[in-house]
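Novice: turn this into a model:
(one chain, ligands or ions: 1)
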Amino acid sequence: MPAVALVTGGSRGIGLGITRRLLADGFAVSILATREEPSELLESLDAPGRVRYVRGSVADLEDHARFVDDAVEAWGRLDLLVNNAGVAPSVRADLLEAGPESFDRVLGINLRGPYFLTQTFAHRVISLGSSFAERPRATVINVSSISATTVSTNRGDYCISKAGVAMATQLFAVRLAPEGIVVYEVRPGVIATDMTAGVTEKYDALIAEGLAPINRWGRPSDVAGAVSMLASGQTPYSTGEVFHVDGGMHIPVL
Ligand SMILES: NC(=O)c1ccc[n+]([C@@H]2O[C@H](COP(=O)([O-])OP(=O)(O)OC[C@H]3O[C@@H](n4cnc5c(N)ncnc54)[C@H](O)[C@@H]3O)[C@@H](O)[C@H]2O)c1
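Specialist: Here you go, the predicted model:
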């Protein structure tokens, strides 16, 4: 039986890159996403019996058990949760104008959702009771953002959600260590996906001005490579780590 990964938002953008990479690594992958099942895309992944799709929202806590249980029923084990799904605010609004609806939506999907999904995942991993003498019993990887520490005053809700994900990573890393579950944060910079499609010109200009030492747009495969590495079980004595995938953008330069 292959190792089993759950990937939220695993059918588009960074999440699709992660799904492709984990399938190539030999995982079975279950995807949680809100849209109608993308049958053609799933077929194109060419991994019969190793891909499942659960339609639901990470913001809806009732969908969490359905998502986790579906994979356990299909494959009988859980090895990896990638909390990837996330949204930007529908409208970028100045901090003095932004409203509570956007705040609640963004926090609900980006922070409250993965926080409680991790709780559900951890309970199921523990109840499955596999041994973890040598390797981690399971891994949780949170996809945060450079916005966890970098201020954008026109999307405060997004920044706060990602700062919260950074703290959730540390909280769960400590609580789940004795359970044999390691928790990591992958922190992307500027990645070419639907999320950034509307601000292409802005980032093209910033990149031309030298936004990051590795001076190009990031790709979903860049983030997927980091997830693959951290999910490989090769770092069993590390938890709570933050792995930047931002071309070095986070390094302060004088
Ligand atoms: N693109 C970037 O530059 C960038 C940078 C840093 C961090 N990130 C983060 O990476 C993650 C993926 O972003 P992306 O760029 O691929 O975005 P995207 O918009 O291309 O894809 C987002 C994915 O999340 C899913 N999703 C959205 N709401 C959901 C919900 N309620 N329930 C389940 N799934 C839901 C979508 O279906 C989609 O598959 C997000 O957490 C985002 O904040 C992106």
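
Novice: can you tell me the element the nearest residue to Ser152 once chain neighbours are set aside falls in?
Specialist: The spatial neighbour of Ser152 that comes closest, neighbours along the chain excluded (CB to CB, 6 or more residues apart in numbering), is Cys159 at 6.0 Å. To be clear about C-beta, it is placed using only N, CA and C from the backbone, and glycine gets the same treatment. Using DSSP states H and E, the secondary-structure element containing Cys159 is helix 156-176.

Novice: OK, contacts around the residue positioned nearest the centre of the chain?
Specialist: With distances taken as CA atoms, centre = their mean, Asn84 lies nearest the centre of the chain, 2.1 Å away. By CB atoms under 8 Å, 6 or more residues apart in numbering, Asn84 lies in contact with Val7, Thr8, Gly9, Gly10, Ile14, Gly15, Ile18, Val143.

Novice: in strands, which of these appear?
Specialist: Val7, Thr8, Val143 (DSSP state E).

Novice: those also near the ligand: which ones?
Specialist: When contact is defined as CB under 6 Å from any ligand atom, these meet the ligand at Thr8, Val143.

Novice: and the lengthiest strand in the chain, which strands flank it?
Specialist: Across the chain, the longest stretch assigned as strand under DSSP E is strand 181-188. When pairing is defined by DSSP bridges, strand 181-188 lines up against strand 138-143 (parallel), strand 242-245 (parallel).

Novice: was I right to think Tyr174 contacts Ala168?
Specialist: Not quite, residue 174 is Val, not Tyr. No: Val174 lies out of contact with Ala168 (CB atoms under 8 Å); the separation is 11.1 Å.

Novice: who's more crowded, those two?
Specialist: The neighbour count for Val174 versus Ala168, taken as other CB atoms under 10 Å, is higher for Ala168 (21 against 12).

Novice: any idea which element the closest residue to the more buried one other than its chain neighbours lies in?
Specialist: Among residues not flanking Ala168 along the chain, Tyr115 sits closest, at 5.3 Å (CB to CB, 6+ apart). Secondary structure from DSSP H and E places Tyr115 in helix 113-128.

Novice: please apply the same query to Val82.
Specialist: Secondary structure from DSSP H and E places Val82 in strand 80-83.

Novice: and if you look at Ala98?
Specialist: Ala98 belongs to no helix or strand, assigned by DSSP H and E.

Novice: which residues touch it?
Specialist: Counted by CB under 8 Å, 6+ apart, Ala98 has contacts Pro89, Arg155, Gly156, Asp157.

Novice: who wins for most neighbours among the residues you listed?
Specialist: Asp157 (24 neighbours).

Novice: now do the contacts for Ser144.
Specialist: Ser144 neighbours (CB under 8 Å, 6+ apart): Lys162, Val165, Ala166, Thr169, Glu185, Val186, Arg187, Pro188, Val242.

Novice: what is the burial count for the residue of the stretch 51-200 of the chain found nearest the ligand?
Specialist: Closest contact between the stretch 51-200 of the chain and the ligand, by CB to the nearest ligand atom, is at Gly86 (2.2 Å). Using other CB under 10 Å, Gly86 is surrounded by 26 other residues.

Novice: surely it and Val143 touch.
Specialist: Yes: if you go by CB under 8 Å, Gly86 and Val143 touch, sitting 6.9 Å apart.

Novice: where in the stretch 101-250 of the chain is pLDDT low?
Specialist: Along the stretch 101-250 of the chain, segments meeting pLDDT under 70 span 131-134.

Novice: get me the contact residues on it for the ligand.
Specialist: Within the stretch 101-250 of the chain, the positions near the ligand by CB under 6 Å from any ligand atom are Ile109, Val143, Ser145, Pro188, Val190, Ile191, Thr193, Asp194, Met195, Thr196.

Novice: what about these, which are in strands?
Specialist: Members of those lying in strands (criterion: DSSP E): Val143, Pro188.
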